[in-house]
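**Student:** what follows is a predicted protein model with its sequence.
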Amino acid sequence: MSELILKSLPAIEALPTAQWNALVGDDHPFLRHEFLHALEASGVVSPSTGWIPDHLTLWRDDVLVGGMPHYRKLHSYGEYVFDWAWADAWERAGGRYYPKGLTAIPFSPVPGPRLLLAPDIDPLAARERLAAGWQQSGLSGWHLLYAEDEEIDAWLEARPDLLVRHGVQFQWQDAGYGDFEGFLASLNAKRRKTIRRERRRVGEQGLTLQQLTGEEIDEQALAHFFHCYEITYLERGRHPYLNLDFFRRLHRSLPQTLLLVQARLGDQPVAAALYLQGSRTLYGRYWGSEVLADCLHFEACYYQGIEYCLAHGLKRFDPGTQGEHKLTRGFAPRRLRSLHYLADPGLRTAVANFCTEEQRHVDAYSLAAEQALPFRQ
């Protein structure tokens, strides 16, 4: 059998779409060729934005048999596992932290596979070839974000020198609720009453919610969504990471993955939340509103998503980062780990000490979050 050939490619467009997607599976729209290509073709991922595509791929003859999305990063924006303090400390000490290597989905803190392999490829051999790629790149290090536990464990077995950093997200899981009332019945009386009041409050303000999927999302609805999404950033004095061209490309190439929840006041849309969906998971990601309305964010971004999962057989709902406000609405803490290779021994030792101390805080936070869940005992 021919050996694995490692190739570094400067654009996802250089990869055959069908071969890449065959490695991805059916529950991970953010890893699909179309999603990654929309990021690059729209210009939101490019050297000018500090994201330099450098995808690591494995080939047997002319067949793609493995790969990881990989970027040379000139900063740490858009990652959600924050290492600004590491970079600042290292550069004040005279080092050069950027560019660094990053395996992640740009602007998308979504747990999922990161190393894609054909079934007949030896995972250990693949990891050894890929590690040679990022070790010999001249970068300060390599960072693997939001990979699944099985993949994290496999990397640690292959490369025990990788540093582990711990974090927490909040996700909803269907425990056989049947419908939204079944979900509410699993909560304690206080939370059940609060959620019913929040949903009722949205209607009392004259707002109605509509769910649009795939081709039902026309250009006008997409443009209005982007206008709302942009407002979310502009209110904080920033421009959004993603542009309208990205969302248009995504809608053209992956319409079946999109769910748009539109809030209307009379016959006019005034707010919108855009989700992506896989075969088992709903991913809530993008939101914005033209109006200030009590409880509308909770309805559009959480309760509509839970209802959609229950109606369409999706078992998990990942609503994005951050969140004690998610916790009280039935989203349980999920522990996540990231992996970090740092070329300099001194920096590696300092970061290892930081990660050990940080883990104690994450452990305590996760335990407190579990105890605060609103489910009936």
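**Tutor:** Looks like it arrived, so ask away.

**Student:** low pLDDT regions in the chain?
**Tutor:** 1, 136 (pLDDT under 70).

**Student:** can you give me the buried ones in the helix or strand residue 197 falls within?
**Tutor:** Secondary structure assigned from DSSP states H and E places residue 197 in helix 189-204. For helix 189-204, a neighbour-count test (16 or more other Cβ atoms under 10 Å) marks 191, 192, 194, 195, 198, 199, 201, 202 as buried. Backbone N, C-alpha and C define where each C-beta goes, glycine included.

**Student:** all helices for the chain, in order.
**Tutor:** 17-24, 33-41, 84-92, 123-135, 149-158, 180-185, 189-204, 219-234, 244-253, 296-298, 304-312, 324-327, 345-371 (DSSP state H).

**Student:** okay, angle between the first one and helix 244-253 too, please.
**Tutor:** Taking axes from the mean of the first three to the mean of the last three Cα atoms, to 10 degrees, one finds that helix 17-24 is oriented at 90 degrees with respect to helix 244-253.

**Student:** kindly report the same for the second one.
**Tutor:** With the same axes, to 10 degrees defining the directions, helix 33-41 sits at 160 degrees from helix 244-253.

**Student:** hey, C-alpha coordinates of helix 33-41 in PDB?
**Tutor:** Taking C-alpha atoms only, helix 33-41 is exported to PDB below (Å, rounded to 0.1, in the frame of the first residue of the first chain):
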ATOM      1  CA  HIS A  33     -16.500  22.000   1.900                       C
ATOM      2  CA  GLU A  34     -19.300  24.500   1.100                       C
ATOM      3  CA  PHE A  35     -19.200  26.200   4.500                       C
ATOM      4  CA  LEU A  36     -15.400  26.600   4.500                       C
ATOM      5  CA  HIS A  37     -15.400  27.700   0.900                       C
ATOM      6  CA  ALA A  38     -18.100  30.400   1.600                       C
ATOM      7  CA  LEU A  39     -15.800  31.800   4.300                       C
ATOM      8  CA  GLU A  40     -12.800  32.000   1.900                       C
ATOM      9  CA  ALA A  41     -14.700  33.100  -1.200                       C
END
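
**Student:** quick one: that helix to chain centroid distance?
**Tutor:** Helix 33-41 has its C-alpha centroid displaced from the chain centroid by 15 Å (Cα atoms, centre = their mean, to the nearest Å).

**Student:** returning to that earlier point: need the helices of the chain in a markdown table with distance to residue 52, can you?
**Tutor:** Below are the helices of the chain laid out as a markdown table (distance: least, Cβ to Cβ, whole Å):
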| stretch | distance to residue 52 |
| --- | --- |
| helix 17-24 | 19 |
| helix 33-41 | 10 |
| helix 84-92 | 17 |
| helix 123-135 | 14 |
| helix 149-158 | 23 |
| helix 180-185 | 44 |
| helix 189-204 | 43 |
| helix 219-234 | 23 |
| helix 244-253 | 18 |
| helix 296-298 | 35 |
| helix 304-312 | 34 |
| helix 324-327 | 33 |
| helix 345-371 | 22 |
